[in-house]
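> Sequence first, then the predicted structure:
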Amino acid sequence: MKYCTELFCHLAGMLLAGLLASCAAHATGSETPVQRYLYQKDGVQIEITAPRADVMRVRVGREHLPEDSSWAVPPNARAPKGTLGVAESGSASVIDSGTLVVRVDHNSLAVTVMDRNGRDLLAGAAGQELRFDGAGFRLRLAMPLDAHYFGLGDKTGPLDRRDGSFTLWNTDHFAYGPASDPLYKSIPFFLGANEKGEAFGFFLDNHWRTNFDFGKAERDTLVVSAEGGPVDYYVMAGPTPRDVVMQYAALTGAPPLAPLWALGFQQSHWSYMSQTEVEGIADRLRADRIPADVLYTDIDYQDRNRPFTINTKAFPDFAGMVAKLRAQGLHLVMITDLHVAKAPDQGYAPYDSGSAADIFVKNRDGSVFSGPVWPGPAVFPDFSRAVARQWWGEQYRDFVKMGVGGFWNDMNEPSVFKVRSKTMPLNVVHRIEEPGFVTRNASHAEMHNVYGMLNSQATYEGLLRLAPDQRPFVLTRASYAGGQRYAATWTGDNLSRWDHLKLSVSMLVNMGLSGFAYIGDDIGGFAGEHPSPELLTRWIEIGAFNPIFRDHYSYGKPAQEVWVDGVEQEAIRRHYIEERYRLMPYIYGLAEESSRSGLPMMRPVFLEYPQVLGDSDDFGGTQDQFMLGPDLLVAPSPTPESQARYDIKLPGEGWFDYWTGRRVEGSKLAETPSLARLPVYVRPGAIIPKQPLVQSTSEPPQGPLTLAVYPGADCRGSLYLDDGVSFGYARGNYLRQGFSCQQSGAELIVSIAARQGSYRPWWSQLNLEVHGMNGKEIAEFKGKRLATRFDKESGSLIIELPDMAGAASVKIRL
Ligand code: MIG
C-alpha cells in the first residue's frame, strides 16, 4: 500500500512544498508514490530518498533535518529521482525504490536497508543503533561473520578493513608506518562484501572527524561515529563489487580523463635545486633511453619557499627550461603549496592581492589566522568561498603561460608546523560562501577534512579557466570523497622499505575502490635509508603497472633515479618502463573507461572475480596481487624481501604468462623470485592493444598497432585514442574500436568492429599476435589465405594487416 502518514503530510507541508500534491492526492483516495519519506518521533526526524533506484539516502536530524548541501555529491546527483513505494508493516514503514527496501522501525527508529530478496545490506546492531552524543553521533551496525570491508581511501593495514579501526582526519604523517592512522585523506566510503561476492556500499557524507571501527572495539559490530555534522549516508545496492564502485561514482563523480602524458613515467625529487640540475636529469633520461614524460620541481625552485615565486638565481630562465623540456618530450609539474607567505609590503603579489580580496582564513576575533609552514609565517586561502577559489586559480596564470604541464598541491591537510596538532586550531573560522550552501561561518573542525579537496578543486577549475581546451593535471596529497573530480593523488611520505612496497598494493587498491583512478606511490620510497638496488628495481617493476608511475624521494638521500646502482639494474628497470610504454594504448583505454564509469584502473582481483572473496587465506592470496584493468594480473611476492618460492592462485584456468606469451598450466603456480621477473598474467579472452616503443607519449609511435589476442571465453578488448591533451574528444575527435574473438571447434574468429570517432590513427598497419598457437594454423581474410609468421618462443601467430576502420574479421583455422 502506498500512503502518506498524517505526520508525513505535516512535515511535507512544513518542509517540502512540492510534496503537498502527494498528500492531497492521498486525501482523495488515490495512491500517489512519494519522492521523499519522512518520519518523526521524539524530535528525531528521518528522511529517506533515492537518488537512484539502486542508491538510498538516509538523513536523520534532531529537531530538524540537516541542511541539504554537500561538497562530495553534487545537487543533481543527490536529488531524489523516481518514486518510492511506502507501506506499513506492523510498527514499521517499508520504503521501496524498486531495487532497495528500507525499513524504518517506528519504536526504535532503527533503519534497515535490504535488497529486494530481503538480504540485509545494512542493519542496526542489537541495542540502540543510532545515538546522538553531544554534537556528534554514533551508528552501530551489525557485521555479519562472513562480511569483508574495503575502501576508506589509502588507509594502511591489510586489504580487508575488518577488525581494524580508522580515524578520518587529514594528517601530514611524515614517514608513516604500516599501521599509522590517520593519514592524508578522508574518504568515508566503504564497500562491504560477503563470501558469495555480494556487495553493497556505504558512504557517510560527513567531513568532521569521524571513525570507522570494523569490529575492533566491539566484536562483530561496525561503529561509525562522527564528532559533529549531519547523519547523512547513502547505501548502494551492488549487487557486485563493480556495481558498487559505479554507484559510488554516480554520486561523487568519475575522474576526468587525464592528459596522456600523466600516464608516462614521472621523475621527481625534493628537490632538484637548480635549472642545471633539472636539465641534467632530462638529458640523462634521454641519453640513457629511459622513456619518461614528466619531471617535477619541488619547493626549492621557489624564492624563500614562497608559493608562486621562482628563485631566479637557481633558475635563471625558468620559461626557457620549460620549453627545453617540452622539446625533449617532457612536461613539468610544479609544486604550489597553499600556504601563502605572510610577507606584507614586500611586493609579494599573492599575499598582497589575497589580503586585498580578504580571502584568507580568520581567527575567531576576525583577524587573519597565520601559522608557520615552509615560508615561515603563512596565511591560508579560505577555499570554501567560491571567490577564494577563483582568486587561487588566477595565481597560475604565469606558469600556465610558460607551458607548465601540471601542478602539485602538497601540504593541504593543511599542514602547520610547530604545533602538536600539525594543523590549524579547531576554532579557526572558515566561511562557506558558495552556490548551493547556506552562507555561514564554519569552524576548522568542520572544514578540516574537506579543505585539501577544495584546494585541488580551486587549482583544477583555475587551470580550466586559464586554458579551457587543455586537460588539467593536478596532484593532491589531501582530499575528501569526490576529490577524484579534480586531482590525482599519491600515498604521501612512505619509506624505502620492503614492507612499504608490500603495503602500497593494498593502499592503492583501496584508494581505487574509493573513487580515485589516478593513484600512485613514491617509487623507491620517499624517506628513510637509500633503497637497496633490489628494492628500487622491484618497486619500479610494480610501479610500471600502477596508474601514476612516479619515482620521488626526499632531500638528504642519495640519488634514486633509474640509473643509480649500475647498468645491470638500470637495464631491468628500463625494460619495465619500456613495457609500460608499449602497453600505453591499453592503459589509456583504462583511463578513458574510468572517466565514464568510475571504475579504477588498478583493481583488486575480487573486482573482476568476486568469487575469490569466498577463498580463505586472504582471498586465495589475492591480497598481495592486483589487476591493471580487466586483463592483467600482477602477482608480486607476499614477502617481497625474500627469495623464497611463493604460491600464486589464478582465478581460473587458461591464463597466459605475460612475459613468455605462453599459456600456463592450471591455476595454481609456484614462482621462484628472480629480480628481473615480476610475474604478470593475462586473462584468457583478453585482446590487448600495444604500440611500438617510444621515449615519451609526445612521440608518435613508428610501426604497427599490435592486438595481442589471448583466446578464451568472453574474448574482447578495446582501443581508445585521442590527441591526449585537449577536450577535442568531446567534439568527436577520438578513435574508438572494439575487438572480440570467438572459438568454435577448430576455428578462431578475430573480429574488429567498425571504428568510431574522427581521430586519425598513427599506424597504417595492424598486427594480430594470436597467442596459444602451434604454427600450423591457417589464417584467412575475406576468403583469401593470409601470410602469417609464427613466433616459436611465445607460441604466437603473427598476422599483418592493413589498418582497418571498418568492421572486419579474420578466420584462423586451428
Ligand atoms: O614537509 O615539498 O609529501 O612529497 O617532497 C614536506 C617537500 C613537504 C611533503 C610531500 C613530499 C614533498 C615534500 N613535502
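Noted; the coordinates are in hand.

> burial of the closest residue to residue 329 other than its chain neighbours, as a residue count?
Of all residues not flanking residue 329 in the chain, residue 696 sits nearest, at 3.2 Å (CB to CB, 6 or more residues apart in numbering). Every C-beta, even on glycine, is put in place using the N, C-alpha and C of the backbone. Residues within reach of residue 696, counting by other CB atoms under 10 Å, total 20.

> Residue 696 contacts residue 262, correct?
No: assessed by CB atoms under 8 Å, residue 696 is found out of contact with residue 262, at 11.9 Å.

> Which neighbours do the two have in common?
Counting by CB atoms under 8 Å, 6 or more residues apart in numbering, the contacts common to residue 696 and residue 262 are residue 293.

> quick one, what contacts the residue in the chain that the ligand sits nearest to?
Closest residue of the chain to the ligand, CB to the nearest ligand atom: residue 270 (3.3 Å). The contact partners of residue 270, taken as CB under 8 Å, 6+ apart, are 298-300, 552-555.

> pLDDT score for the closest residue to it other than its chain neighbours?
In space, and not counting its chain neighbours, residue 270 is closest to residue 298: 4.2 Å by CB to CB, 6+ apart. If you check residue 298, the pLDDT there is 98.

> count of residues packed around residue 298?
By the criterion of other CB under 10 Å, residue 298 has 20 neighbours.

> Touching the helix or strand hosting residue 76 from outside, list them.
Using DSSP states H and E, residue 76 sits in helix 75-78. For helix 75-78, contacts defined as CB under 8 Å, 6+ apart pick out 51, 57, 68, 70, 250-253, 436.

> So which of these are in strands?
Using DSSP state E, 51, 57 are the members of the contacts of helix 75-78 that sit in strands.

> Now list the buried members of the contacts of helix 75-78.
51, 57, 68, 70, 250-253 (16 or more other CB atoms under 10 Å).

> still on that earlier bit, relative to residue 401, how far out is the residue of the chain closest to the ligand?
Using CB to CB, to the nearest Å, we find residue 270 at a distance of 26 Å from residue 401.

> Ok, residue 258 next?
21 Å.

> neighbour-wise, which of these two wins?
residue 258 (26 against 12).

> three-state assignment of that one?
Of the three states, residue 258 takes coil under DSSP: H, G, I helix; E, B strand; the rest coil.

> Enumerate every residue touching it.
By CB under 8 Å, 6+ apart, the neighbours of residue 258 are 471, 473, 488, 518, 591.

> next one: residue 539
By CB under 8 Å, 6+ apart, residue 539 lies in contact with 501, 523-525, 531.

> if I've got this straight, it is in a helix?
Yes: counting by three-state DSSP, residue 539 is part of a helix.

> Next to the ligand, which bits of the stretch 301-450 of the chain? Give me the list.
Residues of the stretch 301-450 of the chain lying near the ligand by CB under 6 Å from any ligand atom: 335, 410-411.

> whoops, the stretch 451-600 of the chain was the one
Near the ligand, the residues belonging to the stretch 451-600 of the chain are 477, 492-493, 526, 552 when assessed by CB under 6 Å from any ligand atom.

> What are the neighbouring residues in contact with residue 427?
Residue 427 neighbours (CB under 8 Å, 6+ apart): 364, 443-445.
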